[in-house]
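J.: Compute the structure for the input listed below.
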Amino acid sequence: MVSDGLLDQQLVQISVEAEATAIPPAIEVNVEGMAIGDAVHASDLRLPAGVTLAIEPDVLVLHVIAAPTAAQIQAELGEGEVPAAAAEVPAAVPAAGAPAAETGRESASAGESG
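T.: Have a look, this model is predicted:
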């Protein structure tokens, strides 16, 4: 596999049909030499004799995608995240006598005269 690519494995289990004593414990896939954009579909798997696919042959098993750049990762991390400090700040409590417009209620001391 190329050094600037990432292997994106879509399936970790493949349904097959076989005699109970012939079920393979694993199916190996050689990814050496794969380039970005290359893919392996179920029909590309080398199955042992007596074993057939129990899924559609065009199901994507894995493919090689381009590794994101540092700028892409930074941009993705910056989108939609709330800084941890901002998430932990408690809501402001109005001071005694101050109107509590945000809640729609008045503070306990707003109607009292002293």
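
J.: what about the nearest residue to T52 once chain neighbours are set aside, neighbour count?
T.: Among residues not flanking T52 along the chain, E17 sits closest, at 5.0 Å (Cβ to Cβ, 6 or more residues apart in numbering). For glycine as for every other residue, the C-beta is placed from the backbone atoms N, C-alpha and C. Neighbour count for E17, taken as other Cβ atoms under 10 Å: 12.

J.: Next: G37.
T.: 10.

J.: can you pull the contacts of it?
T.: Contact partners of G37, counting by Cβ atoms under 8 Å, 6 or more residues apart in numbering, are H63, V64.

J.: name the element it belongs to?
T.: G37 is part of no helix or strand when elements are defined by DSSP states H and E.

J.: Need the phi and psi values for it.
T.: phi 100, psi -20 (degrees, to the nearest 10).

J.: Just list what the longest strand along the chain packs against, helices and strands only.
T.: Assignment by DSSP state E gives strand 60-66 as the longest strand of the chain. Strand 60-66 sits against strand 5-9, strand 39-41, with contacts defined as 3 or more Cβ pairs under 8 Å, 6 or more residues apart in numbering; DSSP states H and E.
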